[in-house]
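Enquirer: Quick one, what's the 3D model for this:
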Amino acid sequence: MHKVVKDFNYYSCNFVVEECREGTARVAVWRQFGIAHSYTIETSFLGPDKEKTSYTMKDYHRIGGEIVEAIYQYFCRKRFGIPSDVTQIIE
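Expert: The predicted structure is shown next:
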């Protein structure tokens, strides 16, 4: 994710299940169904750095596209050998 989504910071992630997170959907899914790799993506209205005071709709659209690209690369290209250029599949 951090290689594709420029606003994502892996080192700011916290994978510990804290008491305050016990009621979240991802923890409930993990406990009830044993799904180990359930994640949430969170953001704020504040920007990623001090120069930019807030995200715009354009930023959210860009970030959403980058997240989709990261998921595609992880699941499709690496696991199934699908080429990065989707037009190769169509042709």
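
Enquirer: which ones are touching L46?
Expert: Residues in contact with L46 (CB atoms under 8 Å, 6 or more residues apart in numbering) are T53, S54, Y55. Every residue, glycine included, has its C-beta placed from N, CA and C.

Enquirer: 7 Å instead, please
Expert: S54 (CB atoms under 7 Å, 6 or more residues apart in numbering).

Enquirer: So in terms of bridging, what pairs with it?
Expert: With DSSP bridges as the criterion, L46 is bridged to S54.

Enquirer: measure it to Y55 for me?
Expert: 8 Å (CB to CB, to the nearest Å).

Enquirer: How about H61?
Expert: Here the criterion is CB to CB. By it, H61 lies 10 Å from Y55.

Enquirer: Same drill for the two, tell me which one is more crowded.
Expert: Y55 (17 against 10; other CB atoms under 10 Å).

Enquirer: Next one: that one relative to T43, how far apart?
Expert: For Y55, the distance to T43 - CB to CB - is 7 Å.

Enquirer: likewise V16?
Expert: Counting by CB to CB, the gap from V16 to T43 is 20 Å.

Enquirer: Leaving out the residues flanking it, which one is nearest to F45?
Expert: S54 (5.4 Å; CB to CB, 6 or more residues apart in numbering).

Enquirer: pLDDT score for the one you found?
Expert: Note for S54: predicted pLDDT of 82.

Enquirer: And Q88, by the same measure?
Expert: In this model, Q88 carries a pLDDT of 48.

Enquirer: In terms of helices and strands, where is Y72?
Expert: helix 57-72 (DSSP states H and E).

Enquirer: chain center to that helix, what's the gap?
Expert: 9 Å (CA atoms, centre = their mean, to the nearest Å).
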